[in-house]
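S.K.: Just to be clear, the model below is a prediction. Sequence and coordinates:
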Amino acid sequence: MRFDVVSIFPEYLAPLDLSLIGKARTEGLLELAVHDLRTYTQDRHRTVDDTPYGGGAGMVMKPEPWAQALGDIAEASPLAEGSKPTLIVPSPAGEVFNQKLAYELAEEDHLVFACGRYEGIDERVLEWAQDAYTVRPVSLGDYVLNGGEVAVLAMVEAIGRLVPGVVGNPESLIEESHSDGLLEYPVYTKPSSWRGREVPEVLLSGNHGKIAKFRKELQLRRTADRRPDLIDALDVAAFSKTDRNVLWELGYAVVDGKAVLRPES
Ligand code: ADE
């Protein structure tokens, strides 16, 4: 998997040298290059922004440096003739990034990230880029950052760790939050008694069936409490009797394979 990131603050991406992603790069599992947009400018001041047509606050990123940068990167793409890299444009006006999208993007061989600053990039760049790229504006969430770099750090980490071999123990990918549409169960380590607080006894029992049931119940309780939107989205058709009973206790009935809040709850 190859990542290219274009930014006017290449130093912002330095954390991608560290930890699991940095190690995966050293081992050749991931290739990542950061490009300084200003090296693609032609003027003495290396200008990347200008005032917006139609007025309004702030500045807009000029199109030509972006075309130069993205043109060069597309040309050097390792993909075969005829297949396009995906261009991800972090923006609060994009589709929301989630684990499903992370899995989808982890299947790609070449992802390019265009970090906008100021009020954003001249919209014509996104239209023009469609000749060479599959263009996807993507938002980290419903809030506004100062630029795309922080969003790229999050997305590269979330996508990169799904590439086979990057995470040492692939089991941990199966059990984590969002992998089955639920939040992860709480975890504990030694000592079993700490400052008057005990680890739930069942976890010390060695009974794996009971432990799995207990953890699933906590996943459902935690999700219903913190993220009821995820309960609404669950496909519960294949849920066991035990899981349906937990949902019932939490105030949900199962109707046509969906969990719906019971009117009286
Ligand atoms: N740039 C500014 N805000 C953003 C957000 N919420 N997600 C992605 N990129 C952004």
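M.R.: Ah, there it is. Residues are numbered from 1 along each chain as shown.
S.K.: tell me the SS of Tyr188?
M.R.: Assigned with DSSP: H, G, I helix; E, B strand; the rest coil, Tyr188 falls in the coil class.
S.K.: How many neighbouring residues does the residue nearest to it when sequence neighbours are not counted have?
M.R.: Among residues not flanking Tyr188 along the chain, Val199 sits closest, at 4.4 Å (CB to CB, 6 or more residues apart in numbering). Any C-beta I mention is one placed from the backbone N, CA and C, and that applies to glycine too. By other CB atoms under 10 Å, 16 other residues sit near Val199.
S.K.: Same check on Phe97?
M.R.: The local packing of Phe97 (other CB under 10 Å) involves 21 other residues.
S.K.: separation between it and Val138?
M.R.: 5 Å (CB to CB, to the nearest Å).
S.K.: list the residues that contact both of the two?
M.R.: The contact sets of Phe97 and Val138 overlap at Ala151, Met155 (CB atoms under 8 Å, 6 or more residues apart in numbering).
S.K.: and Ser265, what pLDDT?
M.R.: pLDDT, Ser265: 68.
S.K.: same deal with Thr223?
M.R.: We have a pLDDT of 97 for Thr223.
S.K.: what helix or strand is it on?
M.R.: helix 208-226 (DSSP states H and E).
S.K.: Quick one: mean pLDDT for the next helix or strand after that helix?
M.R.: Using DSSP H and E, the helix or strand that follows helix 208-226 towards the C-terminus is helix 228-233. Mean pLDDT, computed over helix 228-233, is 96.
S.K.: Packing partners of the helix or strand just after helix 228-233?
M.R.: Using DSSP H and E, the helix or strand that follows helix 228-233 in sequence is helix 241-249. Secondary-structure packing of helix 241-249 (3 or more CB pairs under 8 Å, 6 or more residues apart in numbering; DSSP states H and E): helix 208-226, strand 252-255.
S.K.: So what touches the shortest one?
M.R.: It refers to strand 252-255. Contacts for strand 252-255 (CB under 8 Å, 6+ apart): Ala224, Ile231, Val236, Phe239, Arg244, Leu247, Ala259, Val260, Leu261, Arg262, Ser265.
S.K.: Can you lay out the residues you listed as CSV showing distance to Pro170 and neighbour count?
M.R.: Listed next are those as CSV, based on distance: CB to CB, whole Å; neighbours: other CB atoms under 10 Å:
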residue, distance to Pro170, neighbour count
Ala224, 28, 21
Ile231, 27, 22
Val236, 26, 19
Phe239, 25, 18
Arg244, 30, 15
Leu247, 29, 22
Ala259, 29, 25
Val260, 35, 15
Leu261, 36, 14
Arg262, 38, 13
Ser265, 38, 10
